[in-house]
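Chemist: Got a predicted structure plus its sequence, pasted below:
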Amino acid sequence: MDRSGLLIILSSPSGAGKSTLARRLMEWDPALRFSVSVTTRAPRPGEVDGQHYWFRSADEFRTMVEADQMLEHAEVFGNFYGTPRPPVEEAIHAGRDTLFDVDWQGGQQIRTSGLGQSVVSIFVLPPSLTELERRLISRGQDAPEVIAGRMQKSRDEISHWAEYDYVIVNEDIDKSTEDLKTILTAERLRRQRQTGLGQFVRNLMEEEVAK
Ligand SMILES: Nc1ncnc2c1ncn2[C@@H]1O[C@H](COP(=O)(O)OP(=O)(O)OP(=O)(O)O)[C@@H](O)[C@H]1O
Ligand SMILES: Nc1nc2c(ncn2[C@@H]2O[C@H](COP(=O)(O)O)[C@@H](O)[C@H]2O)c(=O)[nH]1
């Protein structure tokens, strides 16, 4: 039963757990495609070019934007981030679902990109801002001033929660992962009902039942 690929957007304030949830969802469904973003920020220890991000200079980033190669792009925490367009369009046509880890600006742009009929968006909230800061610190990846800047922007990001189809309060990571799997399963069934079941039901109705 054919259907076009879904675009699954995950947004949250920095540190709420998007990357952790994305990783768990992709372990559950290896066919899910993660959209590798382009960024001008420096790699963190252990981050691999082409796997976590495409790490590019500001000039290279600008060239991609000017060539209309970005589905969306935004400035986040003083760096540029963007989603390469061609792999997303290929995945949609191939019926492959794509997962995006983008901020609210990216979420808005993907929704209004013209590919909007295939979008499911999920906002991840932390249980508290105190816990959010604890997670950013315990991740051990960012300097104290970077963490302070991200905490300062967290309320801005959170103020966009109502633009999303679903909201998960990520307190228990196992529970949040199960919620995410449930959302994806239900949305896939919904898309199948909308686009892929017509021929199946016609065949079913015409089936000769052996006596
Ligand atoms: N439910 C949870 N309970 C406790 N710790 C968690 C939970 N979810 C994620 N974490 C931890 O919090 C830290 C931040 O998580 P993660 O890197 O997934 O956040 P993020 O939203 O992707 O951040 P960013 O937007 O900066 O990329 C990590 O160390 C992760 O292991
Ligand atoms: N609009 C976009 N936002 C993106 C993209 N890729 C990541 N992000 C968001 O940036 C922040 C910071 O990420 P970090 O890896 O530096 O911690 C986070 O909120 C991401 O969701 C993108 O392509 N477009």
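Modeler: Perfect, thanks for sending it. Ligands and ions are numbered 1, 2, ... in the order given.
Chemist: CA only for contacts and neighbour counts going forward, please
Modeler: Noted.
Chemist: wait, does stretch 101-119 contact ligand 2?
Modeler: Yes. Using CA under 6 Å from any ligand atom, stretch 101-119 comes into contact with ligand 2 via 101-103, 105-106.
Chemist: Farthest-apart pair in those residues, please.
Modeler: Maximum pairwise distance in these, criterion CA to CA, is 11.5 Å, between 101 and 105.
Chemist: higher neighbour count, the two?
Modeler: For residue 101 and residue 105, the more surrounded residue by other CA atoms under 10 Å is residue 101, and the numbers stand at 21 against 16.
Chemist: starting at the chain centroid, how far to the helix or strand of the chain with the lowest mean pLDDT?
Modeler: Sorting the helices and strands of the chain by mean pLDDT, DSSP states H and E puts helix 198-206 at the bottom, at a mean of 88. When distances are taken as CA atoms, centre = their mean, to the nearest Å, helix 198-206 is centred 34 Å away from the chain's centroid.
Chemist: just stretch 138-148 next, same as before
Modeler: That offset, for stretch 138-148, works out to 23 Å (CA atoms, centre = their mean).
Chemist: List the buried residues for it?
Modeler: When burial is assessed from 16 or more other CA atoms under 10 Å, stretch 138-148 yields the following buried residues: residue 147.
Chemist: That stretch and ligand 2, are they touching?
Modeler: No. Stretch 138-148 is not in contact with ligand 2 by CA under 6 Å from any ligand atom; minimum separation 8.8 Å.
Chemist: Need the CA coordinates for that stretch. PDB is fine.
Modeler: Provided in PDB are the C-alpha atoms of stretch 138-148 (Å, rounded to 0.1, in the frame of the first residue of the first chain):
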ATOM      1  CA  SER A 138      25.400  16.900  32.700                       C
ATOM      2  CA  ARG A 139      25.600  16.400  28.900                       C
ATOM      3  CA  GLY A 140      29.100  17.900  29.400                       C
ATOM      4  CA  GLN A 141      29.300  19.300  25.900                       C
ATOM      5  CA  ASP A 142      28.900  23.000  26.100                       C
ATOM      6  CA  ALA A 143      30.800  25.800  28.000                       C
ATOM      7  CA  PRO A 144      29.000  27.500  30.900                       C
ATOM      8  CA  GLU A 145      28.300  30.700  28.900                       C
ATOM      9  CA  VAL A 146      26.800  28.600  26.000                       C
ATOM     10  CA  ILE A 147      24.600  26.800  28.500                       C
ATOM     11  CA  ALA A 148      23.500  30.200  30.000                       C
END
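Chemist: List the contacts of the helix or strand encompassing residue 124.
Modeler: Using DSSP states H and E, residue 124 falls within strand 119-125. Strand 119-125 has contacts (CA atoms under 8 Å, 6 or more residues apart in numbering) with 6-13, 16-18, 107, 110-111, 158, 161, 164-170, 187.
Chemist: let's go with 7 Å and repeat that
Modeler: For strand 119-125, the surrounding residues in contact (CA atoms under 7 Å, 6 or more residues apart in numbering) are 6-12, 16, 18, 111, 161, 164-170.
Chemist: what does stretch 150-160 give?
Modeler: With CA under 7 Å, 6+ apart as the test, stretch 150-160 has contacts from 12-14, 77, 104, 133.
Chemist: does any bit of that stretch sit next to ligand 2?
Modeler: No. Using CA under 6 Å from any ligand atom, stretch 150-160 never reaches ligand 2; the gap is at least 8.4 Å.
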